[in-house]
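S.K.: A structural model of the following input is requested.
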Amino acid sequence: MNRVLRIAVTLGLLAALLAGTGTVAAKSPNGKVFDAKFVGLPVKGMVLAGVTGAGHAWSIESGKAMIFANDRVKVIVEGLVLSPEGTQPAPMGAVVVSCNGGVAAGDIVQSANVPLSQPDGDAEFDGTLPLPSPCLDPVVFFTSTAGTWFAEAGG
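M.R.: Okay, here's the model as predicted:
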């Protein structure tokens, strides 16, 4: 009985999520289809959606990631620092989007380098990335230039 109830609840939540996403995208061909807050890397080396975490824990004061129907990705990062030290050693980072669990070729895309302010750990990116179609269950990362993540949104 519990299994049947869990399946019904899961299907109901999935239907609500898909209906909500479809409504946002239907309003405008360039409408927002993803909007999530960033969280820092809690433990070094953690793998999420096919992307490996950095070799040190990171924390973030605040941050937001948005994806629009036209593949535009907007990222705002504030106070991204090593945890618990509170220092910011990386002068550059990148934005990585993982779609569909990041398991197939082309499911993970990375931006060009993005400047990361010193010592505050602030960065912004607003550009178009070649996202796969469909891009289901996206996770947006702010990473090192090598692609190991410091913070993620949506995972």
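
S.K.: please parse the protein into its domains.
M.R.: Listed domain ranges for the chain are 1-28, 31-153 (source: automatic domain parsing).

S.K.: by mean pLDDT, show me the worst of those.
M.R.: Least confident of the domains of the chain, judged by mean pLDDT, is domain 1-28 with a mean of 38.

S.K.: as JSON lines, the domains of the chain with mean neighbour count would be great.
M.R.: Quick note: C-beta positions are derived from backbone N, CA and C, even for glycine. Compiled in JSON lines, these are given as follows (neighbours: other C-beta atoms under 10 Å):
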{"stretch": "domain 1-28", "mean neighbour count": "10"}
{"stretch": "domain 31-153", "mean neighbour count": "18"}
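
S.K.: what distance do you get for D107 to L136?
M.R.: Here the criterion is C-beta to C-beta, to the nearest Å. By it, D107 lies 9 Å from L136.

S.K.: dump the residue contacts of the spatially most central residue of the chain.
M.R.: Most central in the chain under C-alpha atoms, centre = their mean is V140, positioned 1.4 Å from the mean C-alpha point. V140 sits next to 34, 36, 38, 65, 67, 73, 75, 95-97, 152-154 when contact means C-beta atoms under 8 Å, 6 or more residues apart in numbering.

S.K.: check G53 too.
M.R.: Contact partners of G53, counting by C-beta under 8 Å, 6+ apart, are L41, V43, K44, G45, M46, V47, T148, W149.

S.K.: check L116 too.
M.R.: L116 makes contacts with V77, L80, Q88, A90, P91, M92, G93, D122, A123, as judged by C-beta under 8 Å, 6+ apart.

S.K.: next, give phi and psi for the fourth one.
M.R.: A90 has phi and psi values of phi -100, psi 120 when expressed as degrees, to the nearest 10.

S.K.: all strands for the protein, in order.
M.R.: 32-40, 47-48, 51-52, 58-68, 72-82, 92-98, 108-110, 114-115, 123-128, 139-143, 149-153 (DSSP state E).

S.K.: start and end of stretch 96-106, how far apart?
M.R.: Taking C-alpha to C-alpha, to the nearest Å, the first and last residues of stretch 96-106 lie 12 Å apart.
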